[in-house]
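Peer 1: sequence isn't available, so here's the structure alone:
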């Protein structure tokens, strides 16, 4: 009997840290599909095609919360409306994992993450 109890406690001890670890589930937000453009430093205009492979940042959205998973540090984040007006802008500091956007923002926006001469962009819907 003691042997069974000992085995039961060992099994519980092995699985407890796994079950208790905080993990951001991808089911709680929608991943944003980001594209890449290079910015021509002379003109400030976007070029259509990326010149070489680049690791894209990983960003998710739920409501007015942005979840920054990979490669977002050191980027300038901005939201641009359909008429081209920049409605929100923030520099992403090291250690920033979640950005709460203002509640007055709702609808469809283009999200831009600019790092140097590279712009990662995609469409997001805020509610």
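Peer 2: It's in. Quick caveat: nothing in here was measured; it's all calculated off a predicted structure.
Peer 1: quick one: the strands in this protein?
Peer 2: 30-31, 35-39, 46-47, 58-62, 65-70, 76-80, 86-91, 98-100, 107-115, 118-126 (DSSP state E).
Peer 1: for the chain, which spans come out with low pLDDT?
Peer 2: 8-27, 41-53 (pLDDT under 70).
Peer 1: which other residues reach stretch 70-89?
Peer 2: 55-59, 66, 90-96, 99, 101-102, 105, 107-115, 120, 124 (Cβ atoms under 8 Å, 6 or more residues apart in numbering). In short, each C-beta sits where N, CA and C put it, glycine included.
Peer 1: for ChimeraX, what selects the buried ones among the residues you listed?
Peer 2: Typed into ChimeraX, the next command selects the buried ones out of the contacts of stretch 70-89 (criterion: 16 or more other Cβ atoms under 10 Å):
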select :56,57,59,66,92,99,101,109,111,112,113,114,115,120,124
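Peer 1: one step back: out of the strands of the chain, the one nearest residue 6 is which?
Peer 2: strand 65-70 (40.4 Å; Cβ to Cβ).
Peer 1: pull out the buried residues from the closest one.
Peer 2: Neighbour-count burial for strand 65-70 [16+ other Cβ under 10 Å]: 66, 67, 68.
Peer 1: bridged to the first one, which residues?
Peer 2: Note on residue 66: beta-bridge partners residue 61, residue 99, judged by DSSP bridges.
Peer 1: contacts only, for residue 114.
Peer 2: 39, 75, 76, 78, 120.
Peer 1: please name the nearest non-neighbouring residue to the fourth one.
Peer 2: Closest residue to residue 78 apart from its sequence neighbours, by Cβ to Cβ, 6 or more residues apart in numbering: residue 89 at 4.3 Å.
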